[in-house]
Each structure stands twice: as structure tokens, then as C-alpha cells.
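> Provided below are the primary sequence and the corresponding predicted coordinates.
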Amino acid sequence: MIKYLKTITLLLLCTFLLTGTSLASGYKKHTITVATASNALKAVEAITELFTKESGVEVVIVSGSTGKLYSQIVMGAPYDVFLAADKKRPKLLFDKELTKGEPFTYAKGSLIFWSAKSVPGMGEYGLDLLLDDDIKRIAIANPKTAPYGAAAVEVLKNSGLYEQVEAKLVYGESVSHTVGFVLSRNVDVALTALSSTFGFSGEGILVQRKLYTPILQDGVVLKHSHSDALLFKQFLGSEKARKILKKYGY
């Protein structure tokens, strides 16, 4: 009998260890996967760190362009929450009945004309400096998949500069790629998300909001998500999360 009880105890212990269940609390930690547009990555990392600390729910973050993440979700990617860089894709997912509830706005983004080095005349001439012969390559995110890329094209067209600088444009898959181009000095300047330049030294000026459609960033909880995804959505609307978003340029 004693040997039998020892065997049962050992089996239970192995089960707890394999499932990640605490013997002391009997609580199994859950994990959710958040797919976020790359412009919001740094802010989302800070938010999820605090969320996990307060809730005990672990978060796996997947980052990429909004268009690419949207396509992955439509193809069945097992994400719990999708934080886009626009309103369009979350609405499309809602229309396809792939979400739990309607989309919600979590951030409002800004565009910046930015370089990792000092650019003489940037403050004085602004976007007109893009016409300068010393500015040979301009990075923007792919306007077909990245909302900030589409906004950058809109800015150039509304400024009357697009046709004159089109040959200089270099397209990144996402805003993080555009920043990478600038940091590696493969391009001279970028029109990119303010939030994506956070933490890097450089020089930049905010693009006038009248030159582009407001960049409202929506999110959705996906249909087959873990129940803890709703807790994360609720946390995103908290004052703590809003302070973090503001810190990162939203």
C-alpha cells in the first residue's frame, strides 16, 4: 500500500510539473498571444509586462505590419488579440465574424520626419528639405500593408512633393524596418511613426496632422481567443496603459 501511495504521489507531482500547475495554489498560469503592428511594439511590450505582473497572465507578442498580421489571422493564425495600426483591418475581421465583439480604438498615432543624424535645415525647411540633392533616399513603410506607409504617401501628395521625390523612396515592410534603414545609414531620412523612433538618438520634426488622415489604431479580441484576452482588452483601456501609450508618442 505504501509503495502504491508513493507511486500515485509521484504521478501527481509529474502531472503538476508538466502542466505548469502550482502545487501550492492549484492555479495554472495562462498564456495569450498578442499580434501587434510594429509601430506599437515598444509600448505593447511595456503594457504587457505590467499586465502580466498584475494578472499573472503571460503574454507572447508577435509583431509585424498590419497587413501581414491581418492575412495571417484570416489564414487561421492562433492569435488572441490583434492590435492594428488602422481601423480598416479590425473592421474587416469583425465583418468576417472572426472576433469577439466590435473593434476598439486603443491609440492615435503620429508621423515624424526623422533621421538618425543631424540634417541641416530640417527645422527650417521641414518636408521641403526632401527635395534637396543631399537627400538621396527616403524610407517609408510599404503603403500596401502598413497604414503609416499609406499616411506617408498621403503627406507627400498633400504637400505636392510626391512626384518629385517618388524615385527616392525606399519601402520597408513595416515602420520598424524604415527605422532600421535609417539607423544603418542605408537611407538619409524617414517618414515614419513617432513611436517607432522612441529610444533612438536622432533629429526629427512632427508632420502637421492636417496633411494626413488621423491614424486611429484599433484592436480586436479574436473569436477563438483564450478568455484572458478579454482581461487584456480591459487593461488596455486602463489609466495605467494610457500613460504608457502617451509616453511612447500616442
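On my side now, so go ahead. Numbering: from 1, shown residues only.
> from now on I want contacts and neighbour counts done on CA atoms only, so please keep to that.
Noted.
> now do the buried residues in the helix or strand hosting His177.
Using DSSP states H and E, the element containing His177 is helix 175-183. By neighbour count on 16 or more other C-alpha atoms under 10 Å, the buried set for helix 175-183 is Val175, Ser176, His177, Thr178, Val179, Gly180, Phe181, Val182, Leu183.
> could you do stretch 200-220 as well?
Glu203, Gly204, Ile205, Val207, Leu211, Tyr212, Ile215, Leu216, Gln217, Asp218, Gly219, Val220.
> care to break the chain down by domain?
As given by automatic domain parsing, the domain ranges for the chain are 2-108+216-247, 111-206.
> what's the host helix or strand of Phe235 in contact with?
For Phe235, the host element (DSSP H and E) is helix 228-236. Identification of contacts with helix 228-236 by C-alpha atoms under 8 Å, 6 or more residues apart in numbering yields His30, Thr31, Ile32, Ile47, Phe51, Val57, Asp80, Val81, Tyr106, Val221, Ala241, Arg242.
> same question for stretch 32-40.
44, 57-66, 69, 78-85, 174-176, 193, 195-196, 225-226, 228-229.
> repeat the analysis, applying 6 Å as the threshold.
Residues from elsewhere that reach stretch 32-40 (C-alpha atoms under 6 Å, 6 or more residues apart in numbering): 59-66, 79-85, 175, 196.
> what's the average pLDDT for stretch 105-116?
Mean pLDDT, stretch 105-116: 95.
> just the CA atoms of that stretch, as CSV, please.
Coordinates of each C-alpha in stretch 105-116 appear next as CSV, following Å, rounded to 0.1, in the frame of the first residue of the first chain:
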residue,chain,number,x,y,z
THR,A,105,-9.6,52.2,-30.5
TYR,A,106,-6.5,51.9,-28.3
ALA,A,107,-4.2,54.6,-29.7
LYS,A,108,-3.9,57.6,-32.1
GLY,A,109,-0.6,57.7,-33.9
SER,A,110,1.6,60.5,-35.3
LEU,A,111,4.0,60.8,-38.2
ILE,A,112,7.6,62.1,-37.9
PHE,A,113,10.1,63.3,-40.4
TRP,A,114,13.2,61.7,-38.9
SER,A,115,16.9,61.0,-39.3
ALA,A,116,19.5,59.3,-37.0
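> what's the pLDDT at the nearest residue to Leu98 once chain neighbours are set aside?
Sequence neighbours aside, Lys223 is the residue nearest to Leu98 in space, at 5.1 Å (criterion: C-alpha to C-alpha, 6 or more residues apart in numbering). Predicted confidence (pLDDT) for Lys223: 95.
> so Lys223 touches Gly101, yeah?
No - using C-alpha atoms under 6 Å, Lys223 is not in contact with Gly101, being 8.4 Å away.
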